[in-house]
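J.: Below are the sequence and a predicted model for it; my questions follow.
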Amino acid sequence: MCQKAKILVLIANQILLEELYMNNTATKAIVASAITAALALAPLTGVQAAGSGSTEKCYGVAQAGKNDCKAGPGTSCAGSSTADGQGNAWMLVVKGTCEKIVGGSLAAK
Amino acid sequence: MKSLSNLQQAFCDLLRTSDPPPRDLMDELLDDGTALERFNVYRNNFIVLNGDALADMYPTVKRLIGDEAFRSLANLYVRKHPPATRTLLLYGDRFPSFLESIPELSRLPYLPDVARLEFGWTCAYHASDAKVLARDEVASISAETFTRFGLEPHPSMHCIDSDYPLFSIWAANQEDGSEETISLDSGPSRIVIVRPGMEVETREVGEGTFVFLQRLQTGDSIEDAFNLALQTDSAFDLAVFFSHHLFDGTFCALRAC
């Protein structure tokens, strides 16, 4: 390889290294400043924290506690008033709030 | 005479069918003249009560398709995938893929995603508690070395994405009498479920936040996760994200990578 080409390769390598270093340094700086900024903020209470997000909504929905006694001993005939329909031959009658969801060019997922 | 295990297996298999029990199985059971009736009551309870447990896990799916359709599906599901553990707290883990396999539901393509969200919600509800990431823990590290660390998300965290407006569909069905109409074409949705304290939070997040959290969850360093998030979503703002969520219980520990 002639001297000129060698120098060009060396320069190219140097540029690549510098770019890598710059990117790395930039990332480090962004992460460091983001964490420093978060540390500098006064601690928020949970309620304030939830309300202060401008880009995200937080929803907390309480669900009744579950336990494992639903089909445990002592349920006796509780379920027998609800008849178990036919196992295989069934007609699916969809009647719910899905009627409020319209459109669907994505239907074939 | 059948062995006990054979008898039990035959009994269990029969619970999952609609067939009348064969005479020889009935003969093995205590014959007081009501064995058949009692078997039918037992089988009915098995199907109906496990179906009730499924309805408790999937109230939004039930509301979307209506009680009658849900009951039909639950009957099928219980027969196909009966409970495999003694507790029903997390019964129904295969319901999302089961819904996908039902041809009659193909015009409701978002339904399996709604089920995934509801299952994730209940998993988060029952997940282990964890301490909130402490300011002291973060402050003890020099800012320049943060990139080499990872962040441990709270054990309750679930990241769920959908091609459909999943969050809007779910949220509209959490209150009674919502008349909101949702367009299925209003784009994809990315949801992070986490339970920092006692209450489960369901957050709709941007693509960058979603990728960042997913990568941290799989063990990436903050630097790698951030770079990937930025590649996916150039608008991702780490400072804004950290100011809201670094110390709100989304994370429980720093992790050396």
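T.: Yep, that arrived.

J.: The lowest-mean-pLDDT helix or strand in chain A: what's the following helix or strand?
T.: Ranked by mean pLDDT, DSSP states H and E, the weakest helix or strand in chain A is strand A:57-60, scoring a mean of 32. Next in sequence after strand A:57-60, counting helices and strands by DSSP states H and E, comes strand A:101-102.

J.: Need the contact partners of that next one.
T.: Contact partners of strand A:101-102, identified using Cβ atoms under 8 Å, 6 or more residues apart in numbering or on different chains, comprise B:L64, B:L108, B:Y110, B:I169, B:T181, B:I182, B:S183, B:L184. All C-beta spots, glycine's among them, are computed from the backbone N, C-alpha and C.

J.: Please apply the same query to stretch B:164-174.
T.: A:59, A:61, A:97, A:100-101, A:106, B:60, B:63-64, B:109-110, B:113-114, B:117-118, B:160, B:178, B:180, B:182-184, B:186-189, B:191, B:202, B:204.

J.: Repeat that for stretch B:141-151.
T.: The contact list for stretch B:141-151, computed with Cβ under 8 Å, 6+ apart, reads A:27-28, A:31-33, A:35-36, B:133, B:216, B:219-223, B:225-226, B:251, B:253-257.

J.: From those, which land in helices?
T.: A:T27, A:K28, A:V31, A:A32, A:S33, A:I35, A:T36, B:L216, B:I222, B:E223, B:A225, B:F226 (DSSP state H).

J.: Buried ones among those?
T.: A:T27, A:K28, A:V31, A:A32, A:I35, B:L216, B:I222, B:E223, B:A225, B:F226 (16 or more other Cβ atoms under 10 Å in any protein chain shown).

J.: can you put those residues in TSV and add pLDDT and distance to B:E37?
T.: Below are these laid out as TSV (pLDDT from 0 to 100; distance: Cβ to Cβ, whole Å):
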residue	pLDDT	distance to B:E37
A:T27	85	72
A:K28	86	74
A:V31	90	69
A:A32	89	73
A:I35	90	68
B:L216	97	57
B:I222	94	64
B:E223	93	68
B:A225	96	61
B:F226	95	65
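
J.: and which of those is nearest B:D27?
T.: B:L216 (60.9 Å; Cβ to Cβ).

J.: If I follow the layout properly, the closest one ends up in contact with B:H154?
T.: No: counting by Cβ atoms under 8 Å, B:L216 sits too far from B:H154 to count as a contact (11.1 Å).

J.: where in the chain is pLDDT low?
T.: No chain specified, so I'll use chain A. Within chain A, the set of residues satisfying pLDDT under 70 comprises A:1-23, A:42-91, A:104-109.

J.: oops, I was thinking of chain B
T.: B:1-2.

J.: one more time with 80, if that's ok
T.: Low-confidence segments of chain B, defined by pLDDT under 80: B:1-2, B:29-33, B:143-144, B:176-179.

J.: longest single helix anywhere in it?
T.: helix B:35-57.

J.: which is the next helix or strand following it?
T.: Next along the chain after helix B:35-57, taking DSSP H and E as the criterion, comes helix B:59-65.

J.: contacting residues around that following helix?
T.: Outside helix B:59-65, the residues that touch it by Cβ under 8 Å, 6+ apart are A:94-98, A:101, B:55, B:70, B:73, B:95, B:99, B:105, B:108, B:111, B:114-115, B:117-118, B:169-170, B:173-174.

J.: From one end of stretch B:214-225 to the other, what's the distance?
T.: For stretch B:214-225, the first-to-last residue distance is 8 Å (Cα to Cα, to the nearest Å).

J.: Show me what it is in contact with.
T.: Outside stretch B:214-225, the residues touching it (Cβ under 8 Å, 6+ apart) are A:27-28, A:31, B:146-153, B:157, B:159, B:211-212, B:228-229, B:255, B:257.

J.: contacting residues for the closest residue to B:T250 other than its chain neighbours?
T.: Using Cβ to Cβ, 6 or more residues apart in numbering or on different chains and skipping the chain neighbours, the partner closest in space to B:T250 is B:V194 (5.7 Å). Applying Cβ under 8 Å, 6+ apart to B:V194 gives the contacts B:A124, B:P153, B:H154, B:S156, B:M157, B:H158, B:V200, B:E201, B:R203, B:G249, B:T250.

J.: Redo the residues you listed as CSV? Include secondary structure.
T.: Output for the contacts of B:V194, formatted as CSV (DSSP: H, G, I helix; E, B strand; the rest coil):
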residue, secondary structure
B:A124, helix
B:P153, strand
B:H154, coil
B:S156, coil
B:M157, coil
B:H158, strand
B:V200, coil
B:E201, strand
B:R203, strand
B:G249, coil
B:T250, coil
